[in-house]
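> Sequence first, predicted coordinates after that:
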Amino acid sequence: MANFVLVAGAWLGAWAWDDVVPELRAAGHGAHPLTLSGLAEKRGVPAGQQTHVHDIVAEVERLDLGDVILVGHSYSGIPAGQAAERIGDRLSRVVFVDANVPFDGESFVSAWPEGRPAVEASIAEHGGFWAPLTAADCAGQGLTDEQIARVVGGSTPHPGASLTEPAVLERPLSELPATYVKCLLDGDEPSPDVAKLLTSEHWRLETMDTGHWPMFSEPRRLARLLLAQPSH
C-alpha cells in the first residue's frame, strides 16, 4: 500500500484534491491531502517557504507514513522537492504535477524570471500576499465554467514570503526517484531546468492532455497516472 501525500499549488488547499482522493482510496491506498500554512482553512498562519517544507515533513511524521508518494503541484513542487529528501527512507517517489522544482539557493520568483515582476508587484499591492486566481487566469486550461468557478471560489491569497524565500537542498534533486507530469495545455515542453533533470536515470516524464489544474479538469486520469507510479 502506498501513501499519497497531495499538496496543491499556490492559492489552493487540501480541498483541491477532493475528486482525486476517492479514486486513490478505492484502489486500496492511503491518500492524505495537505493544506499548507497560510492557505484555505489555515489562512492567517504566517508562512514562508521553509514553513511549507516543514508542513509536509511534519505531516508525514505525524501520521507515521511509509511508502510515501509525495505529490507536489505547481508552486508546491518547490517545498515538496525539499521535503522529499528530508523524509528519507519514508519516500517511495516524488511526483511533480506541472510543477516548479526547487534549486538550492533559488526561490520561486528567481526561478520564474518572466513572471517575477508581476508576482512581486502583486505581493507589494496585497499586503505581502500574491493575489488569488481569477477566471481569466484559468482560461484555456481545459476547465469547464463550473470548474473555473470552483477553483476561483476556493482560492485564497498566497503568502508572499513562500515565493521569495530560497530553497535549501542537501543533495542534487536528480538523485531522487521522481516523475514529472507535464500538462500539455500549459505548454508542450517542460522548462529547460526540468528537461535537464529528466536526463537522470531516476526521473521519468509523463504527459497529460489537459491544463495546469488536472485535479479539477481530469481527476480520474490524474489518479490513474498516480496509481501507475513505480516504487523505488
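Structure's in. What do you need? If you're wondering where the values come from, they're calculated on a predicted model, not measured in any experiment.
> so residue 73 touches residue 99, yeah?
Yes. Taking Cβ atoms under 8 Å as the definition, residue 73 is a contact partner of residue 99 at 5.9 Å. (Glycine included, C-beta is placed from N, CA and C.)
> quick one: common contacting residues for those two?
Listed contacts common to residue 73 and residue 99 are residue 9; contacts here mean Cβ atoms under 8 Å, 6 or more residues apart in numbering.
> which residue packs closest to residue 87, ignoring adjacent ones?
Nearest non-adjacent residue to residue 87, counting by Cβ to Cβ, 6 or more residues apart in numbering: residue 60, 5.1 Å away.
> Quick check: the one you found touching residue 68?
Yes. Using Cβ under 8 Å, residue 60 is in contact with residue 68, at 5.9 Å.
> ok so, going back, give the burial count for the residue nearest to residue 87, as a bare number.
23 (other Cβ atoms under 10 Å).
> which residues sit in contact with it?
Contacts for residue 60 (Cβ under 8 Å, 6+ apart) come out as 5, 68, 70, 83, 87, 90.
> What subset of those is buried?
Buried members of the contacts of residue 60, scored by 16 or more other Cβ atoms under 10 Å, are 5, 68, 70, 83, 87, 90.
> Okay, now the unreliable bits of the protein?
231-232 (pLDDT under 70).
> All the helices of it, residue numbers only.
21-26, 49-62, 77-86, 116-125, 145-154, 161-164, 192-197, 214-217, 219-227 (DSSP state H).
> Can you point out the buried residues in the fifth one?
It stands for helix 145-154. For helix 145-154, burial by neighbour count (16+ other Cβ under 10 Å) applies to 147-148, 150-152, 154.
> Spit out the contact partners of the spatially most central residue of the chain.
Geometric centre of the chain, nearest residue: residue 73, 2.2 Å, by Cα atoms, centre = their mean. Listed by Cβ under 8 Å, 6+ apart, the contact partners of residue 73 are 6-9, 12, 16, 97-99, 213, 215.
> So what sits opposite it in the bridge?
Residue 73 forms beta bridges with residue 97, as assigned by DSSP bridges.
> how near is the spatially most distant residue from the centre of the chain to residue 160?
Distance from the C-alpha centroid of the chain, by Cα atoms, centre = their mean, peaks at residue 125 (24.9 Å). Look at residue 125 and residue 160: by Cβ to Cβ, to the nearest Å, they are 10 Å apart.
> that older thread, now the contacts of residue 73 in JSON lines, with neighbour count and distance to residue 179?
Converted to JSON lines, those look like this (neighbours: other Cβ atoms under 10 Å; distance: Cβ to Cβ, whole Å):
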{"residue": "6", "neighbour count": "25", "distance to residue 179": "14"}
{"residue": "7", "neighbour count": "31", "distance to residue 179": "15"}
{"residue": "8", "neighbour count": "29", "distance to residue 179": "17"}
{"residue": "9", "neighbour count": "24", "distance to residue 179": "17"}
{"residue": "12", "neighbour count": "28", "distance to residue 179": "20"}
{"residue": "16", "neighbour count": "26", "distance to residue 179": "19"}
{"residue": "97", "neighbour count": "29", "distance to residue 179": "9"}
{"residue": "98", "neighbour count": "24", "distance to residue 179": "12"}
{"residue": "99", "neighbour count": "27", "distance to residue 179": "11"}
{"residue": "213", "neighbour count": "30", "distance to residue 179": "18"}
{"residue": "215", "neighbour count": "23", "distance to residue 179": "16"}
